[in-house]
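With the sequence up front, the predicted model follows.
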Amino acid sequence: MKALIYDGPEQLGFRDAPDPVAGPGEHLIRIEAVGICGSDMHAYLGHDERRPAPLILGHEAAGVIVGGDRAGERVTLNPLVTCGACTACTSGRDNLCPDRMIISMPPREGAFAQYVTMRAENLVTIPDNVSFAKASLAEPIGCGWHTVRLARQALGRDGTALVIGGGAIGLGAALSLTAQGITDVTVLEPNPLRRAYLVDHCGQNAISPDDLRETALFDIVIDGVGYAATRATASAHARPGGVIGHIGLGEAKGGLDIRRMTLQEITFIGTYTYTAQDFRDTAAAIFDGRLGPLDWTEARPLGDGAAAFDDIRAGRSAAPKIILEPQS
């Protein structure tokens, strides 16, 4: 098969790779759409020690089952494989399983390839009227869906929300807020090209960080970026008694105003991926239209993946998500 392979910092090669073989309880999936995630970009830049070269990246995928009793079924993939037996798994918090594995991290190759394998319970059937590109968004939007659910539970009511970052994670969180009942949402996005796209094409109230009033406070603040500067913004603009939901993995340390958060009883929730139920709920919301038209992706052939990474890094892509198509 052909695959886009991470060979080292800022090095991606499009070449032949061994065909994957489905093990017991697994299916072989022909990948039709796979999104480029921020974590893929971190690996591409050499900033993720969990993803050493050479490695096939990519985990936001949808495709068709090849062979077996479900051959021809259109599916989207929950890429997080867990043990199913530990306390976290049996209590519905399987995303915290100590044995969790996600495709695109050793020993599991990712989905920037024509084929990948996945166990049956991680596959969600796609209705015929939903495109593979839309279905592949279940993974990135699922991260925001999970964060919004936890933040709303902690807050105990609806209110106003600020989302930091207008990429797919931030936009997914903004759409999830609306779908879960919070409609007063502001998105901070520094890139003027992407900000204009969010306003004109995605219907978002997107503003520049420079235009955020110093005194503006929000009941929920979601950091979809995860740098010291964005955490500083989050802790400065959370309302007393409010909640910060932190998804971003930009850098490990710095930014939070712990004194203010303590004095104002601001809840901080670090969130990782999504539970299996969150993934299914997100997929259902995509399928029934609660998350909107989801027409803000840009499709490119997998063979052009290296150029796509370069465009994302340079800020030349207005679309919040580039989808690669391995079969093109």
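Alright, I've got the coordinates. Numbers count the residues shown, from 1 in each chain.

Stretch 280-295: which residues count as buried?
Neighbour counts using 16 or more other C-beta atoms under 10 Å place 281-283, 285-287, 291, 294 of stretch 280-295 among the buried residues. For glycine as for every other residue, the C-beta is placed from the backbone atoms N, C-alpha and C.

now the end-to-end length of that stretch.
For stretch 280-295, the separation between the terminal residues is 20 Å (C-alpha to C-alpha, to the nearest Å).

So Asp94 sits against Tyr274, correct?
No - the pair Asp94 / Tyr274 is not scored as a contact, 9.4 Å apart, by C-beta atoms under 8 Å.

which residues are in contact with both of those two?
Both Asp94 and Tyr274 are contacted by Leu80, under the criterion C-beta atoms under 8 Å, 6 or more residues apart in numbering.

Show residues contacting the helix or strand hosting Ala62.
For Ala62, the host element (DSSP states H and E) is strand 60-66. For strand 60-66, contacts defined as C-beta under 8 Å, 6+ apart pick out 27-37, 71-77, 79, 111, 115-116, 123, 126, 132-133, 135-140.

could you redo the last one with a cut-off of 7 Å?
With C-beta atoms under 7 Å, 6 or more residues apart in numbering as the test, strand 60-66 has contacts from 27-35, 37, 71-77, 111, 116, 126, 132, 135-136, 139-140.

For stretch 66-81, measure first residue to last.
Stretch 66-81: ends 20 Å apart by C-alpha to C-alpha.

hang on, the earlier thing: let me know the next secondary structure element after the strand holding Ala62.
Next along from strand 60-66, by DSSP H and E: strand 74-77.

quick one: that following strand to chain centroid distance?
A distance of 16 Å separates the centroid of the chain from that of strand 74-77, by C-alpha atoms, centre = their mean, to the nearest Å.

Stretch 269-288 too?
On the basis of C-alpha atoms, centre = their mean, stretch 269-288 sits 10 Å off its chain's mean C-alpha point.

just the helices in the stretch 1-150 of the chain please.
Taking DSSP state H, counting those that start in this stretch to define them, one finds helices in the stretch 1-150 of the chain at 38-44, 87-90, 132-135, 138-155.

Quick one: the ones you listed as CSV, columns for mean pLDDT too.
Formatted as CSV, these follow (pLDDT from 0 to 100):
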stretch, mean pLDDT
helix 38-44, 90
helix 87-90, 97
helix 132-135, 98
helix 138-155, 97
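
Mind putting these into CSV with distance to Pro320 and mean neighbour count?
Putting those into CSV (distance: least, C-beta to C-beta, whole Å; neighbours: other C-beta atoms under 10 Å) gives the following:
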stretch, distance to Pro320, mean neighbour count
helix 38-44, 11, 21
helix 87-90, 31, 15
helix 132-135, 13, 23
helix 138-155, 9, 25
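
I appreciate the help and will end here.
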